[in-house]
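A.B. asks: Sequence first, predicted model second:
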Amino acid sequence: MADNSKDLLVGLDVGSSKVVCAVASSISPTSFRIEGLGECQSHGIREGTVVDIQGAVESIRAAVDEASQTAQTNIRNVVAGISGIHIRTDNVTQQLIIKSNEIEQRDIDQLIENSQEGPLAPSMRYLDVIPLEYAVDFNWGIVSPLGMEGKKLEAKLHMITAQSGPCVNLNKAIRRAGLELIDSQLCFNPLAAASALLSPEEKNLGVALIDIGADLTDVAVFSNGVVQYTSVAPFGGQTITDEVAIKTQLSNESAEELKHRLGQVKFDPTKDVDGSFVMPAYPGLGQGKGRVLTKQAFSDIINPRIQDMFENIYYKIRDKGLHNQLSHGVVLTGGGACLPGIDRMAKEVFSMHLAGRDINVRIGRPLISFETGEFFAPEDYSTAVLPSQLTGYSTPQHAAVMGYLYDLNRKVLTQGSRIRSKGKLKTAAEYLKTWFLGNF
Ligand SMILES: Nc1ncnc2c1ncn2[C@@H]1O[C@H](COP(=O)(O)OP(=O)(O)OP(=O)(O)O)[C@@H](O)[C@H]1O
Ligand SMILES: [Mg+2]
């Protein structure tokens, strides 16, 4: 089975509804080829958090075994991510007095390390720290202060903290499944999805990425090329299914099936073909046999919840003063973005709040060629010949796992990159050793 000629990257997305394991071989810093993929329904995960370790372990094992077979490889080291309502994010300013006149890499590292020394509740830990911009001697707007002359270095930082418990338990489930989390580090899901989907133009001009999962909706707003805001809300495709189950008095399974068969947000009789669905009897009682639901009626059931979700997201973005920085609009991803018409609702809500501006909304899916299995990075969209046919896993549900692969591949293959590992900076060569070890 082993193929020593390939150095492989493995991404593992342990979601509330499914676990996906993707195996890839690197092509260039922005490109890789998918060698295999395994996916199964997740058990023991609720709202992105492990609630039953054994269930989670079995799901991870099943997805990894399938990926291992399809890629014809052994899998040991994986990169994985996390989301959940326990995650807190904030923008802070940090400063450092420079001893010599010129700013060196160790000054920048020191400033970022100092930012993590502030008081943190004992149950919390740092997940990531992202520099937004720097100032040298009070001149803000500096992207990289390395080599500049000055006495005072300041940085605006996006700090992401998470509760230790969910991180430790996810790590434990991954270990018990016989895997090793690279550097014991977890990525933050919306940032990974953004890496797989957002072009540099979108990040520069301003865009909101909304990843609608099963139990969680992650939001990341970018402008001026960097992330400005992230948040996680306890809402997702499952919330919609629950609403359908309540309104139709169907079981959860039937409501989920109904959603896939009739699912339509903002049904428009002038554009959409109506369809109807003969619903199963009420569970247990055999009542209501032969009830018929139309797409229009289905749409009327789910519209208010989805409208509320986008309204809440908009208000949170507005509270951070970022609502006028969405020139490139909104990108929807995650399985919830597969619901037909959901982009219409996002467009209506965001356009209405933004003084009737016509806000651009697109569905974000990773681009993976059907013929070659090659992943196309968003920064190459404008120059590469994009594939005419995509693989079956070029779907919004796979944005996060492709983002893990993209970020790791890029970090390791970018010459001279320095990688933060367990709080310490490592060289790319040191990191490579831990990365490939075991996946062959
Ligand atoms: N074609 C579809 N139409 C409507 N909903 C869909 C469709 N496909 C998937 N979904 C919904 O997407 C959700 C799953 O999305 P996704 O796979 O992104 O979630 P997850 O990553 O497992 O969960 P989370 O990110 O919340 O932990 C489910 O609620 C499912 O019903
Ligand atoms: Mg997800």
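C.D. replies: Perfect, thanks for sending it. Ligands and ions are numbered 1, 2, ... in the order given.
A.B. asks: Contact residues of this protein facing ligand 1?
C.D. replies: Applying C-beta under 6 Å from any ligand atom, one finds that the chain approaches ligand 1 through 15-18, 48, 213-216, 236-238, 241, 256, 259-260, 263, 334-336, 338-339, 397. Yep, even glycine has a C-beta here, placed from its N, CA and C like the rest.
A.B. asks: tell me the domain boundaries of this structure?
C.D. replies: 8-85+165-196+389-436, 88-163 (automatic domain parsing).
A.B. asks: which stretch among the ones you listed comes nearest residue 203?
C.D. replies: domain 8-85+165-196+389-436 (7.7 Å; C-beta to C-beta).
A.B. asks: show me where pLDDT drops low in the stretch 1-150 of the chain?
C.D. replies: 1-6 (pLDDT under 70).
A.B. asks: For it, which segments count as strands?
C.D. replies: Assigned by DSSP state E, counting those that start in this stretch, the stretch 1-150 of the chain shows strands spanning 8-14, 18-28, 31-41, 45-46, 49-50, 77-82, 88-97, 124-136, 139-142.
A.B. asks: which of those strands sits most buried?
C.D. replies: Mean neighbour count, computed with mean count of other C-beta atoms under 10 Å, is highest for strand 8-14 among the strands of the stretch 1-150 of the chain, reaching a mean of 27.
A.B. asks: Just name the most buried of the domains of the chain.
C.D. replies: Among the domains of the chain, highest average neighbours (mean count of other C-beta under 10 Å) belong to domain 8-85+165-196+389-436, with a mean of 20.
A.B. asks: Determine how far that domain lies from the middle of the whole chain.
C.D. replies: 11 Å (C-alpha atoms, centre = their mean, to the nearest Å).
A.B. asks: so who does the closest residue to ligand 2 within the stretch 151-300 of the chain touch?
C.D. replies: Among the residues of the stretch 151-300 of the chain, residue 213 lies closest to ligand 2, at 3.6 Å counting by C-beta to the ion. Applying C-beta atoms under 8 Å, 6 or more residues apart in numbering to residue 213 gives the contacts 15-17, 48, 83, 236-237, 334-336.
A.B. asks: Identify the residues contacting residue 45.
C.D. replies: 14-16, 19, 51, 55-56, 59 are the contacts of residue 45 under C-beta under 8 Å, 6+ apart.
A.B. asks: now residue 243
C.D. replies: 301-302, 305.
A.B. asks: cool, residue 112 as well?
C.D. replies: 94, 129, 131, 155, 157.
A.B. asks: ok, which residues in this protein are in contact with ligand 2?
C.D. replies: 15, 213 (C-beta under 5 Å from the ion).
A.B. asks: and if we set it to 8 Å?
C.D. replies: Within the chain, the residues that sit near ligand 2 (C-beta under 8 Å from the ion) are 13, 15-17, 48, 83, 189, 211, 213-214, 216, 218, 334-335, 397, 400.
A.B. asks: Return the closest of the residues you listed with respect to residue 101.
C.D. replies: residue 189 (41.3 Å).
A.B. asks: ok, the closest one touching residue 83?
C.D. replies: Yes: under the criterion of C-beta atoms under 8 Å, residue 189 makes contact with residue 83 at 4.0 Å.
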